[in-house]
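Novice: Mind looking at a prediction? Sequence and model below.
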Amino acid sequence: VTSTPIRGFAQSPTSGLSAFEMLLSPITIGHVTLRNRVVLLPTGTGYTNRGRVEEEDIAFNVRRAEGGVGLIITGGTTTDSSSQNRGRVFIEAYDPDVVPGLRVRAEKVHAAGAMIFGQLFNLGRHHTSDVVAGVPLAPSALRSHLYPFAPMAMGEREISQVTEGFALSAHHMAEAGCDGVEIHAAHSYLLAQFLARSTNRRTDGYGGTQAGRARLLIETLRSVRAAVGHDFVVGVRLSVDDETVNGTTVEESLETVGLLENEGTVDYLSLAVGVRGKYVKDASNPDGVALERIGLVKRESKLPVIASQRIRRPGDAEEALRRGDADLIGMSRALIADPDWVNKVQSNTPARIRPCVGDMQDCRNHLAGGLGCMVNPSVGRQHVLDSSRGELPVTAPSLRVAVIGGGPAGLESARRTALQGHDVTLYEATSRLGGQVLLAALNPARGEFLEYISFLEAELAHLGVNVVTNRHLDVVDVADLRCDLIVIATGATGSTQGDTERGHVDSPPSVALWDLLGGADVSNSNDVVVLDDGSGDWPTLTGAILLSHVDRNVTIVTSSSSIVRTVPTESVAGVLDNVEKLDVRWLTSATAVTPFEGGLEVLRAGWSEPERLRADLVVEERGRTPNDELWRTLSKTSLGPPVWVAVGDCLSPRDISHAVRDAADFALKLQRGTYSSKDEPMDSPPLLVASGDS
Ligand SMILES: Cc1cc2nc3c(=O)[nH]c(=O)nc-3n(C[C@H](O)[C@H](O)[C@H](O)COP(=O)(O)O)c2cc1C
Ligand code: SF4
């Protein structure tokens, strides 16, 4: 590594550095100098078409380059047709036809000032997203618990196939104008399956000892180096701790790194922890969860190290560099949530970074529709929503906008209209902003949702939005508002009768889950049945957890086959672990519920006899009802000049991301001057103001 003069600060953190000096300082890897030490980690977007890169993927990466990162390592691309799924969602780096598309991406990223490396992988035995198209390969024919089909144990022919696939793919990345490639040997993919004792049972030269297990990686790197020469960066991504029984340990990783260093084929290491299904850590994990373990390897290695996993805040990133845990800071989700992360650090406004809240609802549960983000609706629609950025001067008359409701739809509508230069007042009926997010955040694993609300609140203050709390507005009040545009974001409340055809339980005494979350008194109960509505989602789990915290005996009953049916995969283990520790019991596929004296009878699928559960209280997930009275009344009333729009749950109760997306869609129409309410065509000149979206 050729580094900047301040590299030595890793050993002397108290010297007079400005707040983010190390993070923002350049660094050289191989022959490539990066403008700073912030790296967009490989982020598979799913914006592909039959193995080819799509415009949206290019836009996603370019936007992060424009946002100031030093290096973009693009989402994993497959090096072999055996490691592709039938939908061909992975970019096929082994096919020369991909080069023109990748070249466009590389050129645009370069034009925006960042360097670009392409990540290369072979998934081996791990396929979770779709049905594998070819014959999955692995060191040993051991089936993954994540995938039903056993892989083929590789012979000599397949070993050549794999090394040649990596080399050819690296050659294509170089042809496409990338500055380097990263060989994916982490997350228990093929090369990591070779590295780990648990998955490599070979008795030939590719197993047995750590050196044997590292042999395929080393041979792959030799082939890649031979294909790309020495003026091209080659890095390796490793999980330094698999966090599994007999998986790779830090000590073994140190040995592997030593072997790689002796070979001299590698320019950098990107280090992580965890295996497939567990390496994207949710908010139940602490910030910087892997740093200590990464630091152990970094301190023993001469190679520059990129650290990763739950690094979100500039201060934490700078600290990690100064402590010497890493030379570069890698982030995926923090940069999904706010592409301008680096720009905001550079302009010394880190408090204005829109936080990633670690829920993974839209970025990891995305496989069908491509990457999304709960707090950033531009993700996936970058070219539509993000055509202009920054707080550009207003070039059209400013409107007086009244936003009614301080949940995410109202807050985001207020933020976006204020960024467009309008004069905005937000009215919230309660004393606190956040709406239903305040309830969602009651789950300890989702407490970070409040950071998003705090961010929006601070942004509104910064943008001069007038926020009025404790102010309920009915239709008469609204008619009196002196404004040009009303945004109705009145949200939803718990349904009293239940929003499904099932109706609700009367006996034993029941309370709606919504009311429980709102603080209903449960002091007279001991044995509580929490009746899920079949969605297997967070609200039921949150209710059960809160009841356990106050020492109730809790049983969850769901008609779904799982109590975590819609929880993102990478949160499932943590959630189940938590409810198990809290002694929560659960019954799945419970299809009939009948009350008896002192409890409930539950009939489970496949059982001839119902099971009797003691219960003195039933907590029911009855769903939510939109607070639509205001906009429904307005739609029958002629208000005169103000036009109105309704956004978020008051139309149909959905996720936070839907609320935020509604707000973004409305603001885009406003920006383009194409907005009109159904009944009142917008009666103002076309708006030429620029959106301040980022
Ligand atoms: C949507 C998404 C796609 C990802 N795709 C890849 C990938 O293709 N290759 C890879 O090595 N890691 C991938 N990762 C993992 C990230 O590179 C990163 O290691 C992980 O998200 C932890 O970092 P973070 O906490 O900053 O998000 C992906 C993560 C996300 C959220
Ligand atoms: S969806 Fe959630 S976890 Fe994923 S990047 Fe956005 S805020 Fe972060």
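Specialist: It's in. Residues are numbered from 1 along each chain as shown. Ligands and ions are numbered 1, 2, ... in the order given.

Novice: Which neighbouring elements make contact with the longest helix along the chain?
Specialist: Counting by DSSP state H, the longest helix found in the chain is helix 156-175. Secondary-structure packing of helix 156-175 (3 or more C-beta pairs under 8 Å, 6 or more residues apart in numbering; DSSP states H and E): helix 99-111, strand 115-121, strand 137-138, strand 180-185, helix 215-228. Glycine gets a C-beta too; all of them are placed from N, C-alpha and C.

Novice: Partner strands of the fourth one and their direction?
Specialist: In this case it means strand 180-185. As defined by DSSP bridges, the strand partners of strand 180-185 come to strand 115-121 (parallel), strand 233-241 (parallel).

Novice: Format these as CSV; extra columns: mean neighbour count and distance to ligand 2.
Specialist: As requested, the strands paired with strand 180-185 are exported to CSV (neighbours: other C-beta atoms under 10 Å; distance: least, C-beta to the nearest ligand atom, whole Å):
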stretch, mean neighbour count, distance to ligand 2
strand 115-121, 27, 18
strand 233-241, 25, 20
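
Novice: Can you lay out those as a markdown table showing mean pLDDT?
Specialist: Shown next, in a markdown table, are the strands paired with strand 180-185 (pLDDT from 0 to 100):
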| stretch | mean pLDDT |
| --- | --- |
| strand 115-121 | 98 |
| strand 233-241 | 98 |
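
Novice: got CSV for these, with distance to H549 too?
Specialist: Listed next are the strands paired with strand 180-185 as CSV, based on distance: least, C-beta to C-beta, whole Å:
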stretch, distance to H549
strand 115-121, 42
strand 233-241, 31
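
Novice: separation between the residue nearest to H184 when sequence neighbours are not counted and V39?
Specialist: Once flanking residues are discounted, H184 sits nearest to F121: 3.7 Å by C-beta to C-beta, 6 or more residues apart in numbering. For F121, the distance to V39 equals 17 Å [C-beta to C-beta, to the nearest Å].

Novice: Look through the protein and report the residue furthest from the middle.
Specialist: Checked against the mean C-alpha position of the chain, the extreme residue using C-alpha atoms, centre = their mean is E597, at a distance of 46.1 Å.

Novice: Please tell me how far that residue sits from I72.
Specialist: 65 Å.

Novice: who's in contact with S140?
Specialist: A153, T199, N200, R201, R202, G207 (C-beta atoms under 8 Å, 6 or more residues apart in numbering).

Novice: switch to 7 Å and redo it
Specialist: Counting by C-beta atoms under 7 Å, 6 or more residues apart in numbering, S140 touches A153, T199, N200, R201, R202.

Novice: Phi first, then psi, for the second one.
Specialist: Its backbone dihedrals place T199 at phi -110, psi -10, with angles given as degrees, to the nearest 10.

Novice: Point me to the helix or strand that includes the closest residue to G434 other than its chain neighbours.
Specialist: Leaving aside its sequence neighbours, G434 sits nearest to I453 (C-beta to C-beta, 6+ apart; 4.3 Å). Per DSSP states H and E: I453 is located in helix 449-462.

Novice: Go through that helix and flag the buried ones.
Specialist: Under the neighbour-count criterion of 16 or more other C-beta atoms under 10 Å, helix 449-462 has F449, L450, E451, Y452, I453, F455, L456, E457, E459, L460 buried.

Novice: does any bit of it sit next to ligand 2?
Specialist: No: counting by C-beta under 6 Å from any ligand atom, ligand 2 is not contacted by helix 449-462; separation bottoms out at 7.5 Å.

Novice: Now do the helix or strand following that helix: everything it contacts.
Specialist: Proceeding N to C from helix 449-462, the next assigned helix or strand is strand 466-468, under DSSP H and E. Contact with strand 466-468 is made by T425, L426, Y427, L460, as judged by C-beta under 7 Å, 6+ apart.

Novice: Strand 466-468 pairs with which strands?
Specialist: When DSSP bridges is applied, strand 466-468 pairs with strand 423-427 (parallel).

Novice: Restrict the partner strand to CA atoms and write it as CSV.
Specialist: The C-alpha coordinates for strand 423-427 follow below in CSV (Å, rounded to 0.1, in the frame of the first residue of the first chain):
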residue,chain,number,x,y,z
ASP,A,423,-43.7,27.0,2.5
VAL,A,424,-44.8,24.0,4.5
THR,A,425,-46.7,23.5,7.8
LEU,A,426,-47.1,20.1,9.3
TYR,A,427,-50.0,19.3,11.7
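
Novice: Whatever helix or strand comes next after it vs ligand 2: in contact?
Specialist: Sequence order places helix 437-440 as the next helix or strand after strand 423-427, per DSSP H and E. No: against ligand 2, helix 437-440 shows no contacts by C-beta under 6 Å from any ligand atom, the least distance being 12.2 Å.

Novice: name the helices or strands packed onto helix 437-440?
Specialist: Applying 3 or more C-beta pairs under 7 Å, 6 or more residues apart in numbering; DSSP states H and E, one finds that helix 437-440 contacts helix 449-462.

Novice: Next, give phi and psi for the nearest residue to I556 once chain neighbours are set aside.
Specialist: Closest residue to I556 apart from its sequence neighbours, by C-beta to C-beta, 6+ apart: W586 at 4.1 Å. W586 adopts backbone torsions of phi -140, psi 140, taken as degrees, to the nearest 10.
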